[in-house]
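Asks: next come a sequence and a model predicted from it.
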Amino acid sequence: MNRGSYSTEQMIALHGFFAEGAAVGEALLADLSGCATEVEVVEVRCGLLDEFGDRGLRAGDDLVAAVLGRVEGGLPGSLCLALEPEDALVWARSGTPADPLDAFLDLGRGLLEGVATALTEALRTATALQEARLQEDSEPCLLAGTHAPADTLVASARLRIAVRDETLGAAVHLLVEPKYFGRLLASLSAPIH
């Protein structure tokens with residue numbers, strides 16, 4: 001498999017995977033915020049970590065508010081949800097009257113747990129989000145801060161989050177070693193070339 005290019009079938013399978021994670025996340029977000037939240041996957045890209053700065057799918061060009069955590073179990077890696085700081089604040093204030101930073105961390109963790117649940121279902125083995133934490137930096141710096149090797153694959157989805165009367169943009173990034181990415185594609189029934 002060429003690590004830099006993916007077939008249409010593989011990208012469709014990844015889009016379906018992220019959409020499933022978003023659907024699971026929607027239910028968790030409704031419980032956390034007390035209001036209906038719709039999460040739509042708009043676009044999916046995949047590439048190498050060392051090319052992310054030039055080719056990556058990003059929520060913003062400058063600093064972003066992010067929730068970043070490790071994925072443990074069936075597919076070790078990292079998950080990151082990033083929003084423009086203004087969108088993150090709007091999202092955090094859309095639900096309960098909790099502290100905005102705590103609310104954003106809880107909501108971001110809820111959405112990422114939806115993606116981890118989709119991984120568990122796809123791989124048929126337990127996968128869990130661990131040590132999710134709030135960070136603010138540029139997306140390339142956030143992902144580089146995971147200390148993943150340069151050949152790590154980054155599968156990214158651009159999201160549209162609709163909550164109350166607001167529509168917010170976000171990006172979720174899954175960082176995976178190449179050997180595990182092949183397993184994920186195979187479990188999604190995407191042909192590996």
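Replies: Perfect, I can see it now.

Asks: lowest-confidence helix or strand of this structure?
Replies: helix 52-55 (a mean of 84; mean pLDDT, DSSP states H and E).

Asks: touching that helix from outside, list them.
Replies: Identification of contacts with helix 52-55 by CB atoms under 8 Å, 6 or more residues apart in numbering yields 45, 47, 139, 140, 143, 154. C-beta here means a position set from N, CA and C on the backbone, and glycine is covered the same way.

Asks: now with 7 Å, please.
Replies: For helix 52-55, the external contacting residues (CB atoms under 7 Å, 6 or more residues apart in numbering) are 47, 140, 143, 154.

Asks: spatially central residue for this protein, please.
Replies: residue 172 (2.5 Å; CA atoms, centre = their mean).

Asks: just for the chain, where's the confidence low?
Replies: The chain contains residues with pLDDT under 70 at 1-4, 95-97, 190-193.

Asks: strands along that one, start to end?
Replies: For the chain, the strands defined by DSSP state E cover 37-48, 64-73, 77-83, 127-137, 153-163, 166-176.

Asks: distance check, residue 68 against residue 89.
Replies: 18 Å (CB to CB, to the nearest Å).

Asks: those two - which one has more neighbours?
Replies: The residue with more neighbours, out of residue 68 and residue 89, is residue 68; 23 against 16, by other CB atoms under 10 Å.

Asks: ok, that one to residue 111 distance?
Replies: Residue 68 sits 13 Å away from residue 111, going by CB to CB.
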